[in-house]
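Novice: Using only what follows, build the 3D model:
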Amino acid sequence: MINQLQEMLRFIQDPANQFAFRTRQTLLICITPILFSMLIAIPIGILVARRPVGAFIASTLSGLGRAIPVLVLLVIMVPIIGIGFTPAVIALTLLGIPPILLNTIEGIRSIDPAVVDAARGMGMTQRQILARIQIPLMLPVLAAGVRTAAVQIVATSPLAAIIGAGGYGEYILAGISNLADPTELLVGATSVALLALATEFGLAALQRAVTPAGVRADLPAESASQEEEARVEEPQAA
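Specialist: Below is the predicted model:
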């Protein structure tokens, strides 16, 4: 075990293996789709949250998006866009949108309408209500959705190497073809695992920070999404 760790450290320190470069590639492959997912999902979620039909459609499409494996999305992107960074970012962005979208919808819908009505009665505009009332109150639920999406994206990012996007996945692919020496495979897999854990704990701390002290509780990251899927279907059943 110790010998294997020493081999991994030597591999990382060897400039020929470009560990720092692969790390930068991985961070770029992960951070870019996380940001794009937020830019796409949050505005859509805010727009459809109070519209039962829109929320139902958004939930349904998000469910369909979850059902499609990322590997399939990556393969589909190749004949359309080609290989490399761009198709990988698009596929990972599609992976990140559903949990953020559903949690945005749930966050808005969980706000007591009386609070919004009171703000409107005080003369606040819709934009002011959104900025001063709705967004602050929905932040804990939204943070849970971002946390879920980010961990999923980081954990799936090695697949991007299949279409030439680079990152730690290159080590994993090379290691699979050379199982006689597992060092490269272990470096790639361990690096991804550590990055996923750092993302999980970092965003969990952020979620806790934006949760008001009076209602602070660790909510499962998936709970809001699952609850929203049930709630958005209620208007249709009625």
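Novice: now the helices for this protein?
Specialist: Shown for the chain, the helices assigned by DSSP state H span residues 2-13, 19-48, 52-67, 70-81, 85-109, 113-121, 126-129, 135-156, 169-176, 183-209, 223-231, 234-237.
Novice: Report the angle between the third one and helix 70-81.
Specialist: If I follow you right, that is helix 52-67. The directions of helix 52-67 and helix 70-81 differ by 100 degrees, with axes from the mean of the first three to the mean of the last three CA atoms, to 10 degrees as the criterion.
Novice: now the longest one
Specialist: Helix 19-48 and helix 70-81 meet at an angle of 90 degrees, taking the same axes, to 10 degrees as the criterion.
Novice: And for the residue most central in space within the chain, nearest residue in space, chain neighbours not counted?
Specialist: With distances taken as CA atoms, centre = their mean, residue 149 lies nearest the centre of the chain, 1.8 Å away. For residue 149, ignoring the flanking residues on the chain, the nearest one in space by CB to CB, 6 or more residues apart in numbering is residue 96 at 3.8 Å. For every residue, glycine as well, the C-beta is placed using N, CA and C.
Novice: mind listing what that neighbour touches?
Specialist: Residues counted as contacts of residue 96 (CB atoms under 8 Å, 6 or more residues apart in numbering) are 33-34, 36-38, 41, 149-150, 152-153.
Novice: residues contacting residue 46?
Specialist: By CB under 8 Å, 6+ apart, the contact set of residue 46 is 104, 108, 130, 134.
Novice: Tabulate those residues (TSV), appending distance to residue 171.
Specialist: Below are these laid out as TSV (distance: CB to CB, whole Å):
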residue	distance to residue 171
104	35
108	42
130	44
134	44
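Novice: among those, which ones are buried?
Specialist: Judged by neighbour count, with 16 or more other CB atoms under 10 Å as the criterion, the buried members of the contacts of residue 46 are 104, 108, 130, 134.
Novice: and which of these is nearest residue 177?
Specialist: Compare each of those with residue 177 using CB to CB and the shortest gap goes to residue 104, at 42.0 Å.
Novice: From residue 156, how far off is the closest one?
Specialist: Using CB to CB, to the nearest Å, we find residue 104 at a distance of 21 Å from residue 156.
Novice: And the pLDDT for residue 110?
Specialist: Predicted confidence (pLDDT) for residue 110: 86.
Novice: can you pull the contacts of it?
Specialist: By CB under 8 Å, 6+ apart, the residues touching residue 110 are 137-138, 141.
Novice: So, low pLDDT: which residues of the protein?
Specialist: Within the chain, the stretches falling below the threshold (pLDDT under 70) are 213-238.
Novice: Now with 90, please.
Specialist: For the chain, residues meeting the criterion pLDDT under 90 lie at 1-6, 49-84, 107, 109-138, 164, 177-182, 207-238.
Novice: Residue 7 contacts residue 185, doesn't it?
Specialist: No. Between residue 7 and residue 185 there is no contact under CB atoms under 8 Å: 11.5 Å.
Novice: quick one: the closest residue in space to residue 212 that isn't next to it in sequence and residue 199, what's the gap?
Specialist: Spatial nearest neighbour of residue 212, excluding adjacent residues (CB to CB, 6+ apart): residue 140 at 7.7 Å. Applying CB to CB, the value for residue 140 to residue 199 is 18 Å.
Novice: Fine, thanks again, bye for now.
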